[in-house]
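Novice: missing the sequence, but the structure's below:
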């Protein structure tokens with residue numbers, strides 16, 4: 001069960017969840033597969049003893065493995081969502097940190113998309129609250145749709 005589900009209050013429902021874009025997952029896998037292919041090619045070309053190219057390819061593979069797990073752990077341990085009462089961001093694998101802002105306390109929401117972000121549909125969302133520091137999400141898929149969910153939830157709370 002996710003943190004957001006565990007933390008729901010009485011009558012509170014999840015309206016939207018943000019997800020990492022598929023390009024994030026693609027970058028993680030490429031950081032592992034490209035150095036892995038180079039290592040295999042270097043091992044196949046090496047004679048009986050490893051040459052400097054094989055050692056360099058091995059080090060590059062270790063770096064790629066580190067980058068892969070760092071990116072995947074971030075993906076696996078991050079939750080971002082909007083409930084009927086608040087915005088919630090949780091991250092951390094061994095330790096946990098959360099940012100929560102009640103919907104009535106959200107003053108501003110900004111979307112930042114680079115050119116590639118506009119083309120492929122990803123970007124960051126910065127949420128500013130009253131008396132609270134701003135919260136910036138990692139690059140998520142469909143940031144405009146996520147902002148729309150926040151605005152819809154805010155309007156629903158305002159009418160209640």
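Specialist: Yep, it's here. Bear in mind that the values here come from a model prediction, so they are computed numbers and not experimental data. Residues are numbered from 1 along each chain as shown.

Novice: mind checking which helix or strand residue 145 is in?
Specialist: Following DSSP states H and E, one finds residue 145 within helix 143-159.

Novice: Can you mark which positions in the helix or strand of the chain with the lowest mean pLDDT are buried?
Specialist: None of the helices or strands of the chain scores lower by mean pLDDT, DSSP states H and E than strand 132-136, at a mean of 82. Neighbour counts over strand 132-136 (16 or more other C-beta atoms under 10 Å) mark residue 135 as buried. Every C-beta, even on glycine, is put in place using the N, C-alpha and C of the backbone.

Novice: That one - contacts with which helices or strands?
Specialist: The contact analysis (3 or more C-beta pairs under 8 Å, 6 or more residues apart in numbering; DSSP states H and E) places strand 132-136 against strand 97-102, strand 122-129.

Novice: How far off centre is that strand?
Specialist: Relative to its parent chain, strand 132-136 has a centroid offset of 16 Å by C-alpha atoms, centre = their mean, to the nearest Å.

Novice: what do you get for stretch 82-92?
Specialist: Counting by C-alpha atoms, centre = their mean, stretch 82-92 comes out at 14 Å from the chain centroid.

Novice: Can you give me the distance of the most far-flung residue of the chain relative to its centre to residue 111?
Specialist: In the chain, the residue that sits farthest from the middle, by C-alpha atoms, centre = their mean, is residue 48; the gap is 43.6 Å. Remark: distance between residue 48 and residue 111 (C-beta to C-beta, to the nearest Å) = 57 Å.

Novice: With residue 153 instead?
Specialist: Distance, residue 153 to residue 111, using C-beta to C-beta: 16 Å.

Novice: same question, residue 22
Specialist: For residue 22, the distance to residue 111 equals 19 Å [C-beta to C-beta].

Novice: Looking at these two now, which is surrounded by more residues?
Specialist: Set residue 22 next to residue 111 and count neighbours by other C-beta atoms under 10 Å: residue 111 wins out with 15 against 12.

Novice: Check whether residue 4 really touches residue 90, as I assumed.
Specialist: Yes - at 7.0 Å, residue 4 counts as touching residue 90 under the criterion of C-beta atoms under 8 Å.

Novice: Mutual contacts of these two, please.
Specialist: Jointly contacting residue 4 and residue 90 under the rule C-beta atoms under 8 Å, 6 or more residues apart in numbering are residue 79.
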